[in-house]
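Peer 1: Predicted model, plus sequence, below.
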Amino acid sequence: MPILEVNQLQKSFGDIHAVQGISFSVEPGEVFTIIGPNGAGKTMTLEMIEGLVAPDTGEIHFGELNWKQHAIEIKKKIGVQPQSSAMFDLLTPKENLDLFASFYDKARSTAEILEIVNLTDHQNNQVKKLSGGQRQRLAIGLAMISDPEIIFLDEPTTGLDPQARRNIWEIITQLKSLNKTTILTTHYMEEAEKLSDRVCIVDQGRVVTLDSPSNLIEKLTKEREVRLSFQDGETAALDGELFSNQLESVIRTEREGTSLKLWTLNPEDTLLNLFKFTKEKDYLLEQVSIREMSLEDVFIAYTGKEWRD
Amino acid sequence: MNLKQFKQMFFAQLRMTFREKQAWFWGIFYPVILMSIFMLIFGSDSNEEFQTQVAIVHEQPNQTSELLFTQLEQIQIVELKTGKPVSREQAEEWVKEQEVSAAIVLPESGESTSVELIMNKEDEQSTSTQAVSATLDKILHQANLAIVGATPTYEIEYVSVSAGESNLDYSDFLLTGMIALAISQGGMFGMVDLVDMQRKGLIKRLRMTPANMSLFGLSDMVMRLVFSIIQIILLSLIGVLLFGANLYINFASLLVIFLIGALSFNALGYFFSSFSKTTEAYMGVANILSFIMMFLSGIFFPIEMMPDWLQPVSTILPLTYFAEGLRDSMVYEVSIFSSSLWLGIGILTLWGICAYLLGSWLYKRKSLVSVR
């Protein structure tokens, strides 16, 4: 049974249709990532799920629970790290955690959370003196204080340096190992690909596609890009291009000087034939590569938009 | 009520206020500085005898001049510079340099009937010069009477009265005014936190938790009252110890006017926060109102000193009644059953309730747009 089920959510503000029928369900223990261009309706969808905004139409179920009848119970089950990492700047991380812990009947120990988010050394500094990454980790710590079943992380790594991002990835991996369900939004494709069990791409208030990162990439990549560069000058490269064009699996080619790019539906077969040809001709190849497809390509293919970090 | 949650919330609020340097500056130091400045300018201690230095020119002693000289010497408010008469040139020099408030030139012969009083043009209106002139006038008047052998029939007797059991010194007046001002500002400026919390998304963040928001509001209120109690105690101590204010406190009246006043000004702050999108906007509104009230509510000087056309404005401002109420309960020891106290309490309550209702209405209207 899904831990969270979202059915045909809609939300409009006057003429602006922010969310136009989003549906998905999340299984216990998975990392579920929502990605989409700015203004796609990600945050609005999250805020509806978190109970901050009531949807115009549509349903949200946390197992048996819904917002209308079980608001307090749901709030006890979920932990939220909002985009604005709002917390009390004049309090220390320890005091912030203690305060938030008092909101719940059961809470994890403050010391334990500080350890997990790696803030034990800074527990007595006022929050206003923390760095961006430290603040973000504290925001995640605050979301974890009640030991929630579902944790929402809204762009937890935006604006952080690579090291700080990696720290947060570790926390998310830890949550997964504790069998918690994480709902994540992010601006970084690499992150979505690395961390998520399933990715939901949202654009213009609709779900464009939803699957595991590898399935999404596989579905998309009917053709792969292969690059070769020839050591024996342009004539060799030209020869190679002419040969490739005769192969059935090759769709098109592109040549620039000694380097050749070709798009093929069957990279193994194409390369095998090419190597036979170069061996016969005694051409030497300098570099051979098959470009890896990433979630970014999936994103571009589905939304028609360039990805900007 | 969840006591554990309330305790955590209250101590969090208290810590934040104590760590906010602005709260200390505007809540404690600012009123103390203002009070000190006004005391230094207007509050010369009335218990001390007035005294001023004069020069006396007594170049050709004769019977009349000797008589006047001994009389002048006996008068305590005028003190002879260097203790003995000087030459006319020296006296004029001192007057020019403003080293003495005036020079008195005694008659040079028995036949001469005039006594010259040399004053500096710039000082003509000053209190000390006026006093010297009045004193001299009185002495000459008495001398005249003595010569014709008459005794004065009428004398002025000065008695000052005040509504209270003791005389209201300026220091008492100012101290109670400053306490009223400090507490009102605490309420009106303090609610900027609310704007800040909203802007930062903290209110939203708390609403994602099962936290009891009315408990959070209550903890904020209680913390503010605690801060105001600290203000009232600190300012009273400074007023009494440093500026010699005399307090005769009726604690029941003080408690009522304090609670109503503090709550009403908090409600005003709450109202400002309901329509301010940024902390700057909030501070602007709070500053304008507090500035107007500071000068029109009888904090530094009595309302009666203002022009007649301006006085009606004072009678609608809440700070007028708060300051009066504090004066009644802290200086005049007015009992809790006094009708004037309750008139003030009524008007303060009215302000508080209106501000609270308007603020709540604006908040509700805003939330219909964006939140559930």
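Peer 2: Good, I have the coordinates. Please read all numbers here as calculations on a predicted model, not as lab measurements.

Peer 1: going forward, measure contacts between C-alpha atoms and count neighbours the same way
Peer 2: Will do.

Peer 1: quick one, what contacts the residue nearest the centre of chain A?
Peer 2: For chain A, the residue nearest the mean C-alpha position is A:Ala192 (2.3 Å; C-alpha atoms, centre = their mean). A:Ala192 sits next to A:Thr33, A:Ile35, A:Thr186, A:Val199, A:Pro213 when contact means C-alpha atoms under 8 Å, 6 or more residues apart in numbering or on different chains.

Peer 1: try it again with 7 Å
Peer 2: A:Thr33, A:Thr186 (C-alpha atoms under 7 Å, 6 or more residues apart in numbering or on different chains).

Peer 1: again with A:Lys94
Peer 2: A:Thr110, A:Gln123, A:Asn124.

Peer 1: So which of these are in helices?
Peer 2: Using DSSP state H, A:Thr110 are the members of these that sit in helices.

Peer 1: near chain B, which of the contacts of A:Lys94 show up?
Peer 2: For chain B, no contacts are drawn from those by C-alpha under 7 Å from any C-alpha of the partner chain.

Peer 1: among the contacts of A:Lys94, who's most crowded?
Peer 2: Ranked by neighbour count under the definition other C-alpha atoms under 10 Å in any protein chain shown, the contacts of A:Lys94 are headed by A:Thr110 with 23 neighbours.

Peer 1: need the contact list for A:Gly36.
Peer 2: Residues near A:Gly36 by C-alpha under 7 Å, 6+ apart: A:Lys42, A:Ile201, A:Val202, A:Asp203.

Peer 1: just the contacts of A:Lys94 now: which is nearest A:Ile172?
Peer 2: Nearest to A:Ile172, judged by C-alpha to C-alpha, of the contacts of A:Lys94 is A:Thr110 at 18.4 Å.

Peer 1: Quick one: residues in contact with the helix or strand where A:Glu112 lies.
Peer 2: For A:Glu112, the host element (DSSP states H and E) is helix A:110-116. Residues from elsewhere that reach helix A:110-116 (C-alpha under 7 Å, 6+ apart): A:Lys94, A:Leu97, A:Asp98, A:Thr120, A:Gly141, A:Ile145.

Peer 1: Give me the phi and psi for the last one.
Peer 2: Its backbone dihedrals place A:Ile145 at phi -60, psi -30, with angles given as degrees, to the nearest 10.

Peer 1: quick one: contacts for it?
Peer 2: A:Leu97, A:Ala101, A:Ala107, A:Arg108, A:Ile113.

Peer 1: can you list these in a markdown table and add neighbour count, pLDDT and secondary structure?
Peer 2: Compiled in a markdown table, the contacts of A:Ile145 are given as follows (neighbours: other C-alpha atoms under 10 Å in any protein chain shown; pLDDT from 0 to 100; DSSP: H, G, I helix; E, B strand; the rest coil):
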| residue | neighbour count | pLDDT | secondary structure |
| --- | --- | --- | --- |
| A:Leu97 | 28 | 96 | helix |
| A:Ala101 | 24 | 95 | helix |
| A:Ala107 | 18 | 91 | coil |
| A:Arg108 | 16 | 92 | coil |
| A:Ile113 | 21 | 93 | helix |
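
Peer 1: hmm, back to that, extract the C-alpha set from the helix holding A:Glu112 and format it as PDB.
Peer 2: Only the C-alpha atoms of helix A:110-116 are listed here, as PDB (Å, rounded to 0.1, in the frame of the first residue of the first chain):
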ATOM      1  CA  THR A 110      18.600  16.400  20.100                       C
ATOM      2  CA  ALA A 111      22.200  15.100  20.500                       C
ATOM      3  CA  GLU A 112      21.400  12.300  18.100                       C
ATOM      4  CA  ILE A 113      20.100  14.600  15.400                       C
ATOM      5  CA  LEU A 114      23.000  17.000  15.800                       C
ATOM      6  CA  GLU A 115      25.300  14.000  15.200                       C
ATOM      7  CA  ILE A 116      23.400  12.900  12.100                       C
END
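
Peer 1: if we can go back for a sec, any idea how far the host helix or strand of the residue nearest to the centre of chain A is from the chain center?
Peer 2: A:Ala192 is located in helix A:189-195, with elements delineated by DSSP H and E. On the basis of C-alpha atoms, centre = their mean, to the nearest Å, helix A:189-195 sits 5 Å off its chain's mean C-alpha point.

Peer 1: after it, next one along is what?
Peer 2: The element immediately downstream of helix A:189-195 (helix or strand, assigned by DSSP H and E) is strand A:198-203.

Peer 1: could you say what helices and strands that following strand packs with?
Peer 2: strand A:31-35, strand A:206-211 (3 or more C-alpha pairs under 7 Å, 6 or more residues apart in numbering or on different chains; DSSP states H and E).

Peer 1: any chance of those in a markdown table, with mean neighbour count and mean pLDDT too?
Peer 2: Converted to a markdown table, these look like this (neighbours: other C-alpha atoms under 10 Å in any protein chain shown; pLDDT from 0 to 100):
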| stretch | mean neighbour count | mean pLDDT |
| --- | --- | --- |
| strand A:31-35 | 25 | 93 |
| strand A:206-211 | 18 | 90 |
